[in-house]
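Peer 1: quick one, fold the following:
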Amino acid sequence: ERSRYTQKKASALRIESVIEIQRIVRGFLNRTAYELTRQSALTIQAAARQYIHQKQLNRENFHSIVIQRIARGLVQRSAYYKMKKSCIKLQASVRMMIVRNQCNTAINNALKIQRIARGFMNRLTYCRMRDASIRLQAVVRMMISRNQYNSKIVKAIEIQRIARAFVSKAAYSKLKEAAIKLQAIVRMMIAQKTRK
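Peer 2: Just a heads-up that it's a prediction; the model follows:
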């Protein structure tokens, strides 16, 4: 909201400055036109007076008046050309300022768009790299867990084998002792029967 307000304010200031420049240029052009009209009227007056003087002086000063008229025309033309040149310079300066402002605005907008696009591309690259690293971490953790699980299963199977072997040996030794005792009892009974 604040940037929009500052942009509106800047555009309003630009419009006011352009209007002020237009007012100054139009005033200058109107003054120039008035001055040209006045100079033209003065020139016409001078020519009329010259004509009257020519008649009154019986063409004595004809050549000097012609020279004066030509000189005044040259002065007026040179003044007019100077004013025209200054007006053209002023117009060129104003137009250059307007074009420069437009170019600066376009460059700033292009830089903003570039900054936004680069930020988006960097965020997209970061998200892709983060997702890939998370997947890689999951795969590595799964492999480590699987290896640990497999080694634990192998160890548990080995412990079970040893425990079963121990239990089987203990049961076998008990059975063997019981069989030996049974054999001893049977032999003893057979021996007693043979004695009788």
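Peer 1: show me what the helix or strand containing Gly119 is packed against.
Peer 2: Per DSSP states H and E, Gly119 falls inside helix 62-195. When contacts are defined as 3 or more Cβ pairs under 8 Å, 6 or more residues apart in numbering; DSSP states H and E, helix 62-195 sits against helix 2-56. (Glycine included, C-beta is placed from N, CA and C.)
Peer 1: for the protein, what helix or strand is lowest in average pLDDT?
Peer 2: Sorting the helices and strands of the chain by mean pLDDT, DSSP states H and E puts helix 2-56 at the bottom, at a mean of 85.
Peer 1: so which elements touch that one?
Peer 2: By 3+ Cβ pairs under 8 Å, 6+ apart, helix 2-56 packs against helix 62-195.
Peer 1: go ahead and flag the most central residue of this structure.
Peer 2: Centroid-nearest residue in the chain, with Cα atoms, centre = their mean: Arg115, separated by 1.2 Å.
Peer 1: and stretch 75-85, what's buried?
Peer 2: Residues 76, 83 are the ones in stretch 75-85 that count as buried (16 or more other Cβ atoms under 10 Å).
Peer 1: same check on stretch 87-96?
Peer 2: Buried-residue list, stretch 87-96, by 16+ other Cβ under 10 Å: Val94.
Peer 1: repeat for stretch 36-46
Peer 2: Buried residues in stretch 36-46 (16+ other Cβ under 10 Å): none.
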